[in-house]
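Chemist: what shape does this take:
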Amino acid sequence: MTPIQELLNKIRWDREFGAGFFEIGYLDHIAQKIIRVPLVRIHFEEGNRFSCRLEDETGETMDIPFHRIREVYRNGQLIWRRPG
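Modeler: Okay, here's the model as predicted:
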């Protein structure tokens, strides 16, 4: 299985593969469910190998550890799911 960091890098840097509308589904511990958000709302800090930053609708930001990303969708189709 492809590690999530590798898949996210491929989406970001491979123009052909990265063409499309991507969403990630992350596990929200408070809501106890997977929340899907557009990848364009996710920001990556150079050198940070453990998390990414999500900007919500109000402009607030929160860190999402990569291990909490459970699913990745491309144009509405599930392309990656964390086992378990």
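
Chemist: which one's the longest helix in this structure?
Modeler: helix 4-13 (DSSP state H).

Chemist: run a quick neighbour tally on residue 78.
Modeler: 11 (other CB atoms under 10 Å). C-beta: built from backbone N, CA, C; applies to glycine.

Chemist: tell me who's in contact with the spatially most central residue of the chain.
Modeler: Nearest residue to the geometric centre of the chain (CA atoms, centre = their mean): residue 24, 3.8 Å. Contact analysis of residue 24 by CB atoms under 8 Å, 6 or more residues apart in numbering lists 36, 37, 39, 42, 69, 71, 72, 73.

Chemist: so which bits of the helix or strand just after the longest helix of the chain are buried?
Modeler: Counting by DSSP states H and E, the element after helix 4-13 in chain order, helix or strand, is helix 15-18. Under the neighbour-count criterion of 16 or more other CB atoms under 10 Å, helix 15-18 has nothing buried.

Chemist: how far off centre is helix 15-18?
Modeler: Distance, stretch centre to chain centre, for helix 15-18: 16 Å (CA atoms, centre = their mean, to the nearest Å).
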